[in-house]
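[1] Just the structure for this:
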Amino acid sequence: MLFVAPHLGDGPLWSELADQTDRCRANWWTNLLYVNNFVHTDHMCLEWSWFLANYAQFSAVAPVFIVTLHAVPAVGIFLCCTVVVVSSTLTGFIATHKGFGLNSAELGQLFSRSYMDDYLIKPYCRAPPYVIGILTGYLLYRAQCQMEINKVVQLLTSFILASCSLLVLFGTVGVANGGHISQPAASFYMAMSHVIWPLGIAWFVALSSTASAGWMSKILSRPAWCALSRLSLCVYLIHPVVILLHYLSTRTPLFVTPFTMVFFFIGHTMLSYVAALVMYLGFQSPFVALQQLTKSV
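    Residues are numbered from 1 along each chain as shown. This next block holds a predicted model:
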């Protein structure tokens, strides 16, 4: 898609796509081997594809956790918890050592090479959500999705995790209005956000899987979500291209207002899903069908 994109239009900034295609011509093999989050990171082909490298690397080591959980559950749970603690501690140390902050004057660092290379794309900073997911799946498997949770405990835990998850999402909003967050607080936020958010998701998934979430379980069990979930990977891969095609072809200054951003968000989302559907039917779906055919033989 990126090789075709430069021929789909023009504009004042359209030449920026040439840099992306040059990167892919030179470093396509790092993406193929899923090492693009460690090798030639300064000239990564499709910079958002670091997620695929992380996912492949986590999948490669996942059997260690799964086998350990199955063979010696106590050791497996301890191993999962240790990885989460070590990863969070390392993330906090990196944020402090590199001076990654959350204040308005420091937000430029979020687009720096150091922020990308040392924190954002590295698996040892991204491990907690994957490990928490493995542990949640194992516990649900052991319980056969049949868990009786005290209503008071359920409500209290749901309130605490929902509050903490919302704090992760909106806790830094005040920074945009001139607020100040100290370096220790910023490091703590960066270390714990990758733990609190997946814990909240895991808790509500567990409630829905055990039919303890009531109306929420009924909503999340609707078949429509299955169709959207199948497109999620393709949407992730294609949406930056959709956004680039739009902004690089813009010929007039863009005045940012809440309305224009909502308008662009809805447009980009809809176009991304349409492009993802084409991508899924043309590429991902045939391989899924081939995999199912292989299993049935």
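[2] what about Ile121, distance to Ile201?
    Between Ile121 and Ile201 the computed distance is 21 Å (Cβ to Cβ, to the nearest Å). Glycine gets a C-beta too; all of them are placed from N, C-alpha and C.
[3] and if you look at Leu166?
    For Leu166, the distance to Ile201 - Cβ to Cβ - is 13 Å.
[4] which residue sits closest to Phe93, ignoring its sequence neighbours?
    Ser187 (7.9 Å; Cβ to Cβ, 6 or more residues apart in numbering).
[5] In terms of helices and strands, where is that neighbour?
    helix 183-209 (DSSP states H and E).
[6] One more: Gly92?
    helix 73-98.
[7] Show me what that helix is packed against.
    The contact analysis (3 or more Cβ pairs under 8 Å, 6 or more residues apart in numbering; DSSP states H and E) places helix 73-98 against helix 50-71, helix 123-143, helix 183-209.
[8] so where's the stretch 51-200 of the chain shaky on pLDDT?
    103-111, 176-177 (pLDDT under 70).
[9] let's see it at 90
    Within the stretch 51-200 of the chain, the stretches with pLDDT under 90 are 97-120, 140-155, 158, 169-186.
[10] how does this structure divide into domains?
    The chain breaks down by automatic domain parsing into domains covering 5-222, 223-297.
[11] Looking at these, which one is packed in the most?
    Stretch with highest mean neighbour count among these: domain 5-222 (a mean of 15; mean count of other Cβ atoms under 10 Å).
[12] Check the offset of it from the chain's centre.
    Distance of domain 5-222 from the chain centroid (Cα atoms, centre = their mean, to the nearest Å) equals 5 Å.
[13] Could you do stretch 264-275 as well?
    The answer for stretch 264-275 is 18 Å, by Cα atoms, centre = their mean.
[14] What lies in contact with it?
    Here stretch 264-275 makes contact (Cβ atoms under 8 Å, 6 or more residues apart in numbering) with 231, 234-235, 238-239, 241-243, 246.
[15] ok so, going back, summarise which helices and strands the helix holding Ser187 is packed against.
    Contacting helix 183-209 under the criterion 3+ Cβ pairs under 8 Å, 6+ apart are the following elements: helix 73-98, helix 123-143, helix 151-170, helix 215-220.
[16] by how many degrees do that helix and helix 151-170 diverge?
    Interaxial angle of helix 183-209 relative to helix 151-170 (axes from the mean of the first three to the mean of the last three Cα atoms, to 10 degrees): 130 degrees.
[17] between helix 183-209 and helix 123-143, how many degrees?
    Using the same axes, to 10 degrees: helix 183-209 against helix 123-143 is 30 degrees.
[18] Just give me the residue right at the centre of the chain.
    Centroid check for the chain by Cα atoms, centre = their mean gives Phe51 as the closest residue, at 7.0 Å.
[19] how close does that one sit to Phe58?
    Separation of Phe51 from Phe58 (Cβ to Cβ): 10 Å.
[20] ends of stretch 142-154, how far apart?
    Chord length of stretch 142-154, first to last residue, is 19 Å (Cα to Cα, to the nearest Å).
[21] what sits up against it?
    So stretch 142-154 is in contact with 73, 206-207, 209-210, 212, going by Cβ under 8 Å, 6+ apart.
[22] now swap in stretch 182-199 and tell me
    Taking Cβ under 8 Å, 6+ apart as the rule, stretch 182-199 contacts 84, 87-89, 91-93, 95-96, 99-103, 119, 125-126, 128-129, 132-133, 161, 164-165, 167-168, 171-172, 181.
[23] got the CA coordinates for it in CSV?
    In CSV, the C-alpha atoms belonging to stretch 182-199 read as follows (Å, rounded to 0.1, in the frame of the first residue of the first chain):
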residue,chain,number,x,y,z
SER,A,182,6.9,16.4,38.6
GLN,A,183,9.4,14.0,37.2
PRO,A,184,8.8,11.2,39.8
ALA,A,185,5.0,11.5,39.2
ALA,A,186,5.5,11.3,35.4
SER,A,187,7.8,8.3,35.8
PHE,A,188,5.3,6.6,38.0
TYR,A,189,2.5,7.3,35.5
MET,A,190,4.6,5.9,32.6
ALA,A,191,5.5,2.8,34.7
MET,A,192,2.0,2.0,35.9
SER,A,193,-0.2,3.0,33.0
HIS,A,194,0.7,-0.2,31.2
VAL,A,195,-0.3,-2.2,34.3
ILE,A,196,-3.5,-0.4,35.5
TRP,A,197,-5.2,-0.2,32.1
PRO,A,198,-4.8,-3.9,31.2
LEU,A,199,-5.8,-4.9,34.7
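[24] This completes my enquiry, with thanks.
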